[in-house]
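> Dropping the sequence and predicted coords here.
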Amino acid sequence: MKSNQSIKIVLLFLIIILFFVSAVTPITFGCNVSKSDEEMIKVEDYNFDRHFFPEYYNHYSIGENYGYITIDEPETKINQNSIESKKTESFKRLTNPLNDSMDSAWPMHGHDVRHTGLSPYNTANNPGEEKWWFKTERNFIEGSPVIDTEGIIYFGSWDNNFYAVYPNGSLKWSFEVGGNVESSPAIAEDGTIYVGTHFALVYGTYLFAINPDGTLKWKYKTGDMYSSPAIGDDGTIYFGDGGNGIVALYPNGNLKWRYETGEVVMSSPAIDDDGIIYCGSHDNYVYALYPNNGTLKWKFNTGGWVHGIPTIGDDGTVYIGSDNGYMYALYPNNGTMRWRCYIGAVWASPALDKDGNLYVGVWDKKFYAIYPNGVIKWSIELSRRVWGMSAAISDEGTIYFGTCDFEGHDGGYLYALNPNGTIKWILYHTRMFFTSPAIGEDGTLYICTRQDEFTGTGYVATGHLRALNDLDPNAPKKPSISGPKEGKPGIEYEYTFKSTSPLGKDVFYYIDWGDQMNTGWLGPYSSGKEVQLKHSWRRDDAFKIRVKTKDVSDLWGPWGEFDVVVSNSRDKAVYNTFFLKILDQFPLLGEFLSRIANT
């Protein structure tokens, strides 16, 4: 035993030493790269299907296997002459952020047609407590929610349905769209909801126009649609099409025009005050199109796929990220570059605060704040990736965004940051945050999650819409948890749960065992009654038991938590706990070890 323990300790320290060496020594994985100023190198074995599976996209291996090699140039390049000339240019300040969209709390992706992500509502008193969640019929959610003037929340799911949910978390209606929904809907001024589908092998993919009562208004045949619609002043609906086009439809569903790009369009259009449409494409270009007939105003070659979504500043500057790792600022009049800043592959739209600062997360596990002149204000390291999730900013300046995991942690974090980059609060979930948040009038934060839940025989994908804000003072109190803190795999252990209702009402319990298994809602039980449940874990690991309660009036209480280490031996348990703490402190170590294991 001592010999095995000594070997483990030696191996652990060797791995840590390798990690620190890798941190200070440049290492290139997968391909050799040139030091030229060229942004991208094309190779012939381009795999078109890769465009349609962005959730499996890997920034580090894309050049080796899928057609492009990224050249890292980690510095900001600013066109100083352009910045000087900018002082004399007569850009008008944009004043109409909503166009013909519903003037509601959050009617579309990024809040408005400029995709600023800036809410007029205050969240200073939002502590990040879960008020409720709504679970879809099956499968997960990757489309972000929107909110209408009545507070109804709309979102789509990979279960082929589109949902309308009341502000209390109950279902208003669901509409079968016959395909997966991966983008955000948009709500028109008259209440019509527009949403697109993809991977609809039986029914075909469409842009749907749905009435506020959940009935079909019309539908328009499209290619696979990852793009979130935007609505112009005259009610025209603009969106990107997986069939290599940017499309404009009249409010009655008839085609107004279509502009063909060189590759699929997974970006979403943004609209300025003159009605100019801005959108990216996987042919590496950002396009500016006239709204009346879809003719080209200008296009800008970023040198990498433009999966990111444009954001328009108050002065009309177009901000957009590229898969080559740069955030670009483009002049709206002719599409020339104002500046570019290297931050890593960007798939989201940058959010803008009241001072014009940009906030955006990247695939490379970082979140950035960037001044309007392209200089980085601050950045923070993340333990998970930001996959297409744009940030939302409240009226007082709190920045909200989620992260997801592709390295096996099976969980993500929802961050609330202060404007200076310090953490206000963090919410961890065994679920992944694949969507952008939306902010309601009362400061409630809405976000969708996905998770693979273990049923005992296999995994089932699930999706939830979650509402976060302060809890009702009459909700059940934080549950207590007692039981063994250590155990062995395959052996059942009993745990006791207890919560009380201030109103003396009966209480339901929901237990998440931390291993992708949960009990669902159990009860009701009398307030203050101890509830005993048994559970066994299948593998060695450190787990967190989490329990939530609600009363019979549907008032939800806070989470209670309890840590358990499961191992075949105490030495191994201590070793695993120590190693997990090391990985928490150095998130890049896990990625480094994962690469070593896969070589």
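Everything's here; your move.

> and the most centrally placed residue in the chain, helix, strand or coil?
Nearest to the mean C-alpha position of the chain, by CA atoms, centre = their mean, lies Met389 at 2.9 Å. Look at Met389: counting by DSSP: H, G, I helix; E, B strand; the rest coil, its state is coil.

> okay, how far is it across stretch 319-326, tip to tip?
End-to-end distance of stretch 319-326 (CA to CA, to the nearest Å): 11 Å.

> Do a quick rundown of the strands in the stretch 451-599 of the chain.
Under the criterion DSSP state E, counting those that start in this stretch, the stretch 451-599 of the chain carries strands at the ranges 459-468, 480-482, 486-487, 493-498, 507-512, 518-525, 531-535, 541-551, 560-566.

> now Lys299, which residues is it bridged with?
Tyr287 (DSSP bridges).

> May I ask you to confirm that it is in contact with Asn284?
No: checked against CB atoms under 8 Å, the pair Lys299 and Asn284 is beyond contact range at 9.7 Å. Just so you know, the C-beta spots here come from the backbone N, C-alpha and C atoms, and that holds for glycine as well.

> So which of these two has more stuff around it?
Between Lys299 and Asn284, counting by other CB atoms under 10 Å, Asn284 is the more crowded of the two (23 against 16).

> all helices of the chain, in order?
2-24, 62-65, 80-86, 570-585, 587-597 (DSSP state H).

> ok, of those, where does mean pLDDT dip lowest?
Ranked by mean pLDDT, the helices of the chain bottom out at helix 62-65, with a mean of 28.

> Where does the prediction get shaky in the stretch 401-550 of the chain?
Applying pLDDT under 70 to the stretch 401-550 of the chain picks out residues 406-410, 430-434, 452-460.

> distance of the residue nearest to the centre of the chain from Phe367?
Applying CB to CB, to the nearest Å, the value for Met389 to Phe367 is 10 Å.

> which neighbours do those two share?
Taking CB atoms under 8 Å, 6 or more residues apart in numbering as the contact rule, Met389 and Phe367 both touch Gly361, Phe401.

> the domain parsing of this structure - what is it?
2-74, 130-468, 480-568 (automatic domain parsing).

> what about the longest one, start to end distance?
The first and final residues of domain 130-468 sit 4 Å from each other (CA to CA).

> roughly how far is that domain from the heart of the chain?
Centre-to-centre, domain 130-468 and its host chain are 8 Å apart (CA atoms, centre = their mean, to the nearest Å).

> From the structure, what's the count of residues near the closest residue to His198 other than its chain neighbours?
Residue nearest to His198 in three dimensions, not counting chain neighbours: Asp224, with 3.7 Å by CB to CB, 6 or more residues apart in numbering. When counting by other CB under 10 Å, one arrives at 21 neighbours for Asp224.

> Does Asp224 touch Gly242 like I think?
Yes: distance between Asp224 and Gly242: 3.4 Å, which falls inside the contact criterion (CB under 8 Å).

> Please name the bridge partners of Ile423.
Leu417.

> pretty sure it is in contact with Tyr415, am I right?
Yes: using CB under 8 Å, Ile423 makes contact with Tyr415 at a distance of 6.9 Å.

> of these two, who's got more company?
Counted by other CB under 10 Å, Ile423 and Tyr415 do not tie: Tyr415 has more neighbours, with 25 against 10.

> My guess is the more buried one contacts Thr403. True?
Yes: with contact defined as CB under 8 Å, Tyr415 and Thr403 form a contacting pair (7.3 Å).

> Kind regards, and thank you for your time.
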